[in-house]
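**Q** Sharing a model that was predicted from the sequence below.
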Number of protein chains: 2
Amino acid sequence: MRMEQKHCDATETLKKAGLTKTDQRVAVLDALIYADCPLKAGDILQRASRQIKINRVTVYRILSLLCDHKIVREMSFEHGISHYEMACVHNPVHPHFYCRRCGRITCLPPLTLSQAWDWLSQPSDFSVERINVQLIGLCADCRNNENSNSVASEGFIKTSGGKV
Amino acid sequence: MRMEQKHCDATETLKKAGLTKTDQRVAVLDALIYADCPLKAGDILQRASRQIKINRVTVYRILSLLCDHKIVREMSFEHGISHYEMACVHNPVHPHFYCRRCGRITCLPPLTLSQAWDWLSQPSDFSVERINVQLIGLCADCRNNENSNSVASEGFIKTSGGKV
DNA sequence: ATATGAATGCAACAAATTTGCAATCCATAT
DNA sequence: ATATGGATTGCAAATTTGTTGCATTCATAT
């Protein structure tokens, strides 16, 4: 019987997705796998650079690739900067707290809708000024015209006539 | 008896906030007041320019001012671009749908948590691939150190020991 | 009408991200 | 093991978004 892992393995992740293994991709994945909060591209460059030689542009390209393959989630808070986090089984979708003063991002526990109700009644260390709920996907038009150049068209939830 | 207005009036909004009325501010507000979805700074510049002469920098400065005064809400979806919408009585906080293909943003109906549960069971025109929940405010550290330079410190919800 | 502080325009800067192309690397078939 | 070809990376430069400093213009209270 195999032990359950706490983190994904970069090499295995690439293999499972049918992606070529390169030192740069492993380093970027490692940075994300062992991060305790979403990272900016610059953070990832910095951490990956401790491991190997890697260019800023390569970081962006790898992140874009990983997002297309739904290995990584991209999110954006204020001030026009993207943050990235693993989208693996060890890191299910969850809310984030963004401090508008120091910019620190805190991952909040993943909650079902009914759990959220309870959670919202609990004391908190944060002053919440605003809550943003974003649904991301394809609009009706784009879903219909999705003939060409659609890289990330695998595994999304069809909802027309069904559930969201 | 006065008719209920469907939209805010730009001049009145500025007056109520104690802000100087200028052609540029009115034009920026008009763009936002009559928009049917959140706008990028570039969109606002374009629309305001149809009305008056206005500089790109001025748009950013006015948006920043309006956000500080909680007249306007700022939000950010993918790719690190800010979008802005009115934060007035005619436009209560609500979720947004972001199409990752065409970038169009659709405002969704404002919902309480219990309404959301029902809403999520309804058919939809969107393929929702991901849901982002962002809580924005001040972390514990920053709330304590909030002595100096705190412009937007009016009217936020204190939650330590209380409700989020 | 005039003075004064606030608001705007302009130019330049800064940061994040993207693009084009040449050089290098990886995976596979020999 | 090695050659090969397509994929991946590095580098430079461009693009986009947003910011800063300073001179000029504007709004408003006298």
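**A** Sure, I can see it.

**Q** and the longest helix along chain A, what other elements does it pack with?
**A** Counting by DSSP state H, the longest helix found in chain A is helix A:56-68. For helix A:56-68, the packing partners by 3 or more Cβ pairs under 8 Å, 6 or more residues apart in numbering or on different chains; DSSP states H and E come out as helix A:23-33, helix A:41-49, strand A:72-76, strand A:82-86. Where C-beta positions appear, they are placed from N, C-alpha and C, glycine not excepted.

**Q** hmm, it touching DNA strand D?
**A** Yes. Against DNA strand D, helix A:56-68 shows contacts by Cβ under 7 Å from any atom of the strand at A:57-58, A:61-62.

**Q** can you give me the mean pLDDT across that helix?
**A** Summarised as a single mean, pLDDT over helix A:56-68 is 97.

**Q** Now stretch A:41-55: buried residues?
**A** A:41, A:43-45, A:47-48, A:54 (16 or more other Cβ atoms under 10 Å in any protein chain shown).

**Q** Residue A:136 sits in which helix or strand?
**A** strand A:127-138 (DSSP states H and E).

**Q** quick one: low-confidence ranges for chain A?
**A** Regions of chain A meeting the criterion pLDDT under 70 cover residues A:1-4, A:113-114, A:116-117, A:119-121, A:123, A:146-164.

**Q** Pick out the residue closest to the middle of it.
**A** With distances taken as Cα atoms, centre = their mean, the residue of chain A nearest its centroid is residue A:73 (2.1 Å).

**Q** quick one, the longest helix of chain A and strand A:82-86 angle?
**A** Counting by axes from the mean of the first three to the mean of the last three Cα atoms, to 10 degrees, helix A:56-68 lies at 60 degrees to strand A:82-86.

**Q** quick one, helix A:56-68 and helix A:23-33 angle?
**A** Using the same axes, to 10 degrees: helix A:56-68 against helix A:23-33 is 60 degrees.

**Q** Helix A:56-68 and DNA strand C, are they touching?
**A** Yes. Helix A:56-68 lies within reach of DNA strand C by Cβ under 7 Å from any atom of the strand, at A:56-57, A:60-61, A:64.

**Q** swap in stretch A:100-116?
**A** No. Against DNA strand C, stretch A:100-116 shows no contacts by Cβ under 7 Å from any atom of the strand, the least distance being 10.0 Å.

**Q** who in chain A is up against DNA strand C?
**A** Close to DNA strand C, as judged by Cβ under 7 Å from any atom of the strand, chain A has residues A:20-23, A:40-42, A:56-57, A:60-61, A:64, A:80-82.

**Q** Of those, select the buried ones using a ChimeraX command.
**A** Buried subset of the residues of chain A next to DNA strand C, written as a ChimeraX selection, criterion 16+ other Cβ under 10 Å:
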select /A:41,82
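
**Q** hmm, which two among the residues of chain A next to DNA strand C are most spread apart?
**A** Across those, the longest distance by Cβ to Cβ is 32.4 Å; it joins A:21 and A:80.

**Q** got a list of contacts for the longest helix of chain A?
**A** A:19, A:24-25, A:28-29, A:41, A:44-45, A:48, A:72-74, A:84, A:151-152 (Cβ atoms under 8 Å, 6 or more residues apart in numbering or on different chains).
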